[in-house]
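*Asks:* Could you look at this predicted model? Sequence included:
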Amino acid sequence: MKAAVYYETGAPDVFRYQDVPDPTCGPGEVIIRVEAVSIEGGDTLNRLGGDLVTVPHVVGYQCAGVVVEVGDGVDDLSPGDRVVTVGMDGSHAELRVAGRAFCWPIPEGVPTEEAACVPVPFGTADDCLFEFGRLRAGETALIHAGAGGVGIAAIQLAKRAGATVLATASGDERISRLADLGLDHGIDYTTTDFAQAVRDLTEGRGADVIVDSVGGSNLQRSLQCLAYRGRCVTFGDAGRENPSKLDISTMRANNQTLVGYFLGAELFLGSRAHAMIAGHLDDIAAGRLRVVVDRRFPLEQAGEAHAYIESRRAFGRVLLIP
């Protein structure tokens, strides 16, 4: 099969498009012919400096396609079924092997490309807001990186839960597009101190729930605009700052909570998150939630696609098409 691989981590130009051995199907696994790869933020971070599990390495968490083979013990999927899959690596290829527990059948009416964008962004957004952020109707949520995959999902989910939704993004054009998805107040982080803006928009109270994918100094400033008894959930380091110590001295007096989150742990350790993601696929089929695709690149242009994501120009998901 063809795959986008690299032999060392680094900038997007480390990718090579070449032949690699086809994956094999073990018990409890399926192999899919990949039709769409949704590039996740973790994919770019792994390419930049993650572990090389194999050399050459095929990176990638999430993709969707058609089942071509099922392993022993898989009796509820058959060749020809459409599924979206999640794994620790292997999505940037023509074929992908995944455990049955990490495959979701794609409902009728959902395009395969849209399904490819669902489990990681919508699962992460839902858990950050509700399972760990405990967001309730009438509260205020601040979503960082609102124009990204998790951000677009979180804005929709928070709005339909009855929250007032704030989000950071760059530029008036992107903020105006987010209004169509349920955003109440956009904050251009390139020109505005977002922590002060949140305080101003909430009459000094702050946000009840903050979803922070940026990390670093951004996370520190998030704590500065957290409401009394507020919950801040951190799940990423998109800002790519070197690790720094976090000052949490203000949290105790305000009975605030800081939570770290990783969707993979929830998927490995129980069935709750699996059912939640299946529900999002059903909601997309019914038109209750939307997927936004920004651009599509052929698989052989994986480097260009990663560079485009890192330029911070994307609005929504960026896909690779084998």
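*Replies:* Everything's here; your move.

*Asks:* So for the most centrally placed residue in the chain, what's the nearest residue that isn't a sequence neighbour?
*Replies:* In the chain, the centroid-proximal residue (CA atoms, centre = their mean) is Pro121; its distance is 3.1 Å. Closest residue in space to Pro121, ignoring its immediate chain neighbours: Gly149 at 3.7 Å, by CB to CB, 6 or more residues apart in numbering. For every residue, glycine as well, the C-beta is placed using N, CA and C.

*Asks:* Could you measure from that neighbour over to Ala314?
*Replies:* Counting by CB to CB, to the nearest Å, the separation of Gly149 from Ala314 is 9 Å.

*Asks:* More neighbours: the two, which one.
*Replies:* Gly149 (29 against 20; other CB atoms under 10 Å).

*Asks:* and the end-to-end length of stretch 138-158?
*Replies:* This stretch, stretch 138-158, spans 10 Å end to end (CA to CA, to the nearest Å).

*Asks:* and the residue nearest to the centre of the chain, what are its phi and psi?
*Replies:* When read as degrees, to the nearest 10, the backbone of Pro121 gives phi -70, psi -50.

*Asks:* That one contacts Val150, correct?
*Replies:* Yes: here Pro121 reaches Val150: they are 4.8 Å apart, a contact under CB atoms under 8 Å.

*Asks:* In stretch 111-118, which residues are buried?
*Replies:* Residues Pro111, Thr112, Glu113, Glu114, Ala115, Ala116, Cys117, Val118 are the ones in stretch 111-118 that count as buried (16 or more other CB atoms under 10 Å).

*Asks:* Let me know the average pLDDT across stretch 242-254.
*Replies:* When pLDDT is averaged along stretch 242-254, the result is 88.

*Asks:* right, I mislabeled it, should have said stretch 111-122
*Replies:* On average, stretch 111-122 scores 98.

*Asks:* Could you chop the protein up by domain?
*Replies:* 2-117+291-321, 121-262 (automatic domain parsing).

*Asks:* show me the contacts for Glu69.
*Replies:* For Glu69, the contact set (CB atoms under 8 Å, 6 or more residues apart in numbering) comprises Cys25, Val30, Ile31, Pro79.

*Asks:* Which parts of the stretch 151-300 of the chain are helices?
*Replies:* Under the criterion DSSP state H, counting those that start in this stretch, the stretch 151-300 of the chain contains helices at 172-179, 194-201, 216-224, 263-269, 272-285.

*Asks:* chain center to the last one: distance?
*Replies:* Taking CA atoms, centre = their mean, to the nearest Å, the mean C-alpha location of helix 272-285 is offset from the chain mean by 15 Å.

*Asks:* Check the first one too.
*Replies:* Offset of helix 172-179 from its chain centre (CA atoms, centre = their mean): 20 Å.

*Asks:* Can you give the contact residues for it?
*Replies:* Under the contact criterion CB under 8 Å, 6+ apart, helix 172-179 has outside partners Gly146, Ala147, Ile152, Ile155, Ala167, Ala169, Leu183, Gly186, Ile187, Asp188, Phe315.

*Asks:* Equivalent analysis for the fourth one, please.
*Replies:* For helix 263-269, the external contacting residues (CB under 8 Å, 6+ apart) are 86, 88, 101-102, 120, 123-124, 127, 131, 235, 272-274.

*Asks:* same deal with the last one?
*Replies:* Residues from elsewhere that reach helix 272-285, judged by CB under 8 Å, 6+ apart: 84, 101, 104, 106-110, 114-115, 118-119, 122-123, 126-127, 131, 263, 266-267, 289-291.

*Asks:* pLDDT weak spots in this protein?
*Replies:* Across the chain, the ranges flagged by pLDDT under 70 are 243.
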